[in-house]
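Visitor: What shape does this take:
(one chain, ligands or ions: 2)
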Amino acid sequence: MNAMSGNARVTVARRGLMLVLSSPSGAGKTTLSRRLLQRDRQLSMSVSVTTRTRRPGERDGVDYHFIDPARFQEMVAGDELLEHAKVFDHHYGTPAATVEEKLRAGSDILFDIDWQGTQQLRARAREDLVSIFILPPSQKDLEHRLYARAQDSAEIVARRMAKAADEMSHWAEYDYVAINDDVDACLEEVHSILRAERLRRNRRTGLVEFVKGLREI
Ligand SMILES: Nc1ncnc2c1ncn2[C@@H]1O[C@H](COP(=O)(O)OP(=O)(O)OP(=O)(O)O)[C@@H](O)[C@H]1O
Ligand SMILES: Nc1nc2c(ncn2[C@@H]2O[C@H](COP(=O)(O)O)[C@@H](O)[C@H]2O)c(=O)[nH]1
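Guide: Ligands and ions are numbered 1, 2, ... in the order given. Below is the predicted model:
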């Protein structure tokens, strides 16, 4: 059944989408992702695998699946990852299992991945992808946020700052750009993009049947 009516609001079946957030480290992807997931129940997070060590407060299976390099290579060889990349000396990847199933069921999936992974998803599934690049308001703010997070050593913060310009050079490859100055305002922008993208005609697989039904009245 594609369209439902009666007393309830009319709903038209649609395919889910893949919402990607990328940014230089510390610009606020994790913060925005958590808040977006809290306010939007049609969205679920893609939990990546990584070979990096766990930060204080991070939970295995929730923030990441923390795995060793041998298991990571096994997943690459077995084609178990939709995309993967080396970022700051560690390997990261998106498990392929359940993604297609969720999209077909009309569920949207949120990805916090870097530009390399986004390029791979774009090549594989352009139609399903909605990509947003998050920029910090200034370089100073970015550095302040990395220190304020207090989860990495000064050396790691310095390395992430050194890579920030390189990361940011990919902003123009994205469908949208949002500046994370005020987090509430930025969250509103990201959510508006998601809501509008859900309405795209090509995702609304039930429209043909719905319009056909209207003509038969
Ligand atoms: N708009 C904002 N204003 C001030 N601080 C912010 C804002 N957004 C996020 N932060 C803070 O900045 C720090 C870094 O944010 P977060 O961990 O979300 O970044 P990230 O982009 O996910 O980083 P990484 O790529 O390293 O995972 C956190 O301490 C967070 O609370
Ligand atoms: N290409 C991918 N990039 C990923 C994935 N998971 C996370 N990331 C990116 O790595 C950096 C560092 O993350 P951190 O949690 O160690 O600070 C950040 O840019 C993430 O977006 C992934 O599965 N694929």
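
Visitor: For the rest of this, base every contact and every neighbour count on C-alpha atoms.
Guide: Will do.

Visitor: and the gap between Lys102 and Arg35?
Guide: Lys102 sits 21 Å away from Arg35, going by CA to CA, to the nearest Å.

Visitor: residue boundaries of the strands in the chain?
Guide: 3-4, 11-12, 18-22, 43-45, 49-50, 65-66, 81-87, 90-95, 108-112, 129-135, 176-179 (DSSP state E).

Visitor: and Phe54, what does it touch?
Guide: I think there's a mix-up here, since residue 54 is Arg and not Phe. Neighbour list for Arg54: 60, 66 [criterion: CA atoms under 8 Å, 6 or more residues apart in numbering].

Visitor: go on, Pro56?
Guide: Taking CA under 8 Å, 6+ apart, one finds Gln151 in contact with Pro56.

Visitor: What values do phi and psi take at the closest residue to Pro137 other than its chain neighbours?
Guide: Spatially, and ignoring its direct neighbours in sequence, Pro137 is nearest to Asp181 (5.2 Å; CA to CA, 6 or more residues apart in numbering). Asp181 adopts backbone torsions of phi -90, psi -70, taken as degrees, to the nearest 10.

Visitor: is it true that Asp181 touches Gln139?
Guide: No - using CA atoms under 8 Å, Asp181 is not in contact with Gln139; the gap is 11.7 Å.

Visitor: re earlier: could I get the strands of the chain as TSV with distance to Val190 and mean neighbour count?
Guide: Converted to TSV, the strands of the chain look like this (distance: least, CA to CA, whole Å; neighbours: other CA atoms under 10 Å):
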stretch	distance to Val190	mean neighbour count
strand 3-4	28	14
strand 11-12	23	16
strand 18-22	9	26
strand 43-45	13	19
strand 49-50	25	24
strand 65-66	26	20
strand 81-87	23	18
strand 90-95	21	20
strand 108-112	11	21
strand 129-135	8	23
strand 176-179	7	18
